[in-house]
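# Turn this into a structure:
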Amino acid sequence: MPALDYSEAARVLESAFQGVDGQSVDVPFIDAPALLASLELVFASKTGSYREALLGVVLATIVAPDADVTKPYVSQGADAFNGRTLDERVVNPFLGSVRIPRTSGPYLNVFRRQVQFTAATTDKVRDKKGFAAMLAIVDAVQGADSIFRMQLLNECLRRFAVLRDAATVAVERVERLSFDQWRALVEQLLATQSGGLLPVVLVQAGLESLGLLTGGTWRVMTQGINEADAARGAGGDITTRAGQQVLDVLEITERPIGAERVSSTFQNKMMPNGLRDYQFIAPTATVSPQAKLEAERYLAQGHEVEFADTFGWLSSLLVVLGPRGRRLFMNRLVELLGPVPTRIRIAWNLALAAVLGPIPSNTTEV
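Model (predicted):
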């Protein structure tokens with residue numbers, strides 16, 4: 001039997017998904033109309049085992065290229081591969097870990113009793129059209145080169161991500177976290193690729209929770225990610241106001257901050273909006289020494305531009321909030337995360353699970 005390294009298979013699968021997740025749902029990774037039509041049938045089939053078994057097949061061609069992937073049981077010959085073990089050790093746990101809807105396993109549900117991925121199995125399945133489409137893909141990947149096999153793996157994973165995003169994924173919440181657990185949660189969320197969304201949500205929820213805790217009369221105003229400040233006459237991502245008075249303007253960013261960006265902020269945001277003070281909330285490593293020198297130049301003119309490390313700023317706020325304020329913080333975060341893209345809600349759920357242990361998923365198995 002061809003050697004199949006399950007640890008390597010898991011690594012390949014996870015690495016590929018990281019590169020695929022969040023990509024455009026409309027741009028396929030392969031240019032093969034007939035094959036894409038077959039994939040459409042497989043992923044539209046009510047028999048979820050087809051797509052899960054197919055994922056294992058494509059993965060097997062990558063990590064065990066000499067295997068005959070029409071033979072998913074080791075007793076079927078020296079060139080067969082162990083499809084059930086691959087599914088149970090790698091594919092099914094992976095799908096669960098990234099909250100993709102899944103079955104209990106294709107080799108438990110449909111492909112039992114030594115079946116092969118050949119036309120001879122057609123009489124044993126219900127959705128014969130979907131199975132024929134699966135066989136067409138198995139045949140294509142069996143004789144393909146390594147580049148095409150990786151492209152096909154990416155395309156399958158892209159479609160699994162689309163299924164996940166169409167599923168209902170609730171934002172998990174807990175009643176209480178310790179301060180250290182909060183810090184661990186925030187640190188993991190800030191390390192998540194979110195297009196800048198999670199840092200803004202965290203800062204917004206923190207400021208609003210502080211306002212609720214202290215009975216403050218300020219308003220916290222935000223704008224959309226990647227929405228130009230000038231479009232709404234805003235000075236930054238978040239502005240706090242008390243009546244008509246601007247209390248604070250914050251730019252939450254993950255991008256590098258150099259002298260030119262500070263100068264542009266002064267000319268295009270501070271001056272037009274009459275702002276005396278401005279805060280960049282960003283990872284410390286993104287702020288260049290030249291940016292700090294530029295800020296000092298404006299300080300001499302009566303304008304204060306400050307830089308605060310995102311994790312440090314949030315950690316300090318968590319201390320100020322105390323236990324009651326942190327519960328308010330949790331409630332507001334759950335509210336703000338409700339309408340965000342599914343992958344961001346999943347990232348929150350996974351971060352909570354990493355801090356507390358596994359939390360049952362609300363995705364529906366199909």
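# Could you give the backbone dihedrals for the closest residue to Glu251 other than its chain neighbours?
Among residues not flanking Glu251 along the chain, Gly236 sits closest, at 4.3 Å (C-beta to C-beta, 6 or more residues apart in numbering). Backbone N, C-alpha and C define where each C-beta goes, glycine included. Here is the backbone geometry of Gly236 (degrees, to the nearest 10): phi -170, psi -170.
# domain assignment for this protein?
6-166, 179-356 (automatic domain parsing).
# Among those, show the one with the smallest mean pLDDT.
Ranked by mean pLDDT, those bottom out at domain 179-356, with a mean of 89.
# quick one: the strands in the chain?
With strands called from DSSP state E, the chain shows them at 219-222, 238-242, 245-252, 277-281, 304-308.
# Leu152 is nearest to which of these?
Of all the strands of the chain, strand 245-252 sits nearest to Leu152, with 38.6 Å by C-beta to C-beta.
# Give me the contact list for the closest one.
With contact meaning C-beta atoms under 8 Å, 6 or more residues apart in numbering, strand 245-252 is reached by 196, 199-200, 203, 218, 235-241, 265, 269, 273, 275, 277-282, 310.
# Could you point out which of the domains of the chain sits nearest Arg173?
Each of these has some distance to Arg173 by C-beta to C-beta; the shortest is domain 179-356, at 4.6 Å.
# Distance from the closest one to the middle of the chain?
Relative to the centre of its chain, domain 179-356 is centred 20 Å away, using C-alpha atoms, centre = their mean, to the nearest Å.
# what's the span of it from first residue to last?
13 Å (C-alpha to C-alpha, to the nearest Å).
# one step back: could you double-check that the residue nearest to Glu251 sits in contact with Asn268?
No - between Gly236 and Asn268 there is no contact under C-beta atoms under 8 Å: 11.2 Å.
# Out of the domains of the chain, which gets nearest to Glu172?
domain 179-356 (4.8 Å).
# Would you agree Ser209 is in contact with Leu328?
Yes - using C-beta under 8 Å, Ser209 makes contact with Leu328 at a distance of 4.1 Å.
# Now the common contact residues for these two.
Taking C-beta under 8 Å, 6+ apart as the criterion, Ser209 and Leu328 both touch Leu321.
# Can you pick out the residue with more neighbours from these two?
For Ser209 versus Leu328, neighbours defined as other C-beta atoms under 10 Å are more numerous around Ser209 (25 against 19).
# how about the strands of the chain, which one is nearest Val90?
Nearest to Val90 among the strands of the chain is strand 245-252 (37.6 Å), distances taken as C-beta to C-beta.
# For stretch 191-207, which residues meet the burial criterion?
192, 194, 197-207 (16 or more other C-beta atoms under 10 Å).
# sorry, that was for stretch 163-173
Applying 16+ other C-beta under 10 Å to stretch 163-173 flags 163-165, 167, 169, 171-172 as buried.
# and the longest helix for the chain?
Secondary structure of the chain per DSSP state H: the longest helix is helix 310-337.
# circling back: show me which of the contacts of strand 245-252 are buried.
Buried among these (16+ other C-beta under 10 Å): 199-200, 203, 218, 235-240, 265, 269, 273, 275, 278-282, 310.
# re earlier: now the buried residues of stretch 191-207 in CSV, with distance to Val319?
Formatted as CSV, those follow (distance: C-beta to C-beta, whole Å):
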residue, distance to Val319
Thr192, 23
Ser194, 24
Leu197, 25
Leu198, 20
Pro199, 19
Val200, 21
Val201, 20
Leu202, 15
Val203, 15
Gln204, 19
Ala205, 16
Gly206, 11
Leu207, 15
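# Filter these down to the ones in helices?
197-207.
# and which of the residues you listed is nearest to Ser288?
Distances from Ser288 to those, taken by C-beta to C-beta, are shortest for Pro199, at 19.1 Å.
# my read: the closest one touches Thr310, true?
Yes - at 5.6 Å, Pro199 counts as touching Thr310 under the criterion of C-beta under 8 Å.
# Now the common contact residues for these two.
Counting by C-beta under 8 Å, 6+ apart, the common neighbours of Pro199 and Thr310 are 190, 252, 281.
# Look up the closest residue to Gly83, ignoring the ones flanking it.
Distance criterion C-beta to C-beta, 6+ apart; nearest residue to Gly83, sequence neighbours excluded, is Pro72 at 2.9 Å.
# burial of the one you found, as a residue count?
Pro72 has 27 nearby residues by other C-beta under 10 Å.
# Leu185 now?
Counted by other C-beta under 10 Å, the residues lying close to Leu185 total 22.
# Contact partners for it?
Taking C-beta under 8 Å, 6+ apart, one finds 177, 351-352, 355 in contact with Leu185.
# what's the answer for Ala205, then?
So Ala205 contacts 329, 332-333, 336 (C-beta under 8 Å, 6+ apart).
# For those residues, give me JSON lines that also has neighbour count.
Listed next are the contacts of Ala205 as JSON lines, based on neighbours: other C-beta atoms under 10 Å:
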{"residue": "Phe329", "neighbour count": "25"}
{"residue": "Arg332", "neighbour count": "19"}
{"residue": "Leu333", "neighbour count": "23"}
{"residue": "Leu336", "neighbour count": "18"}
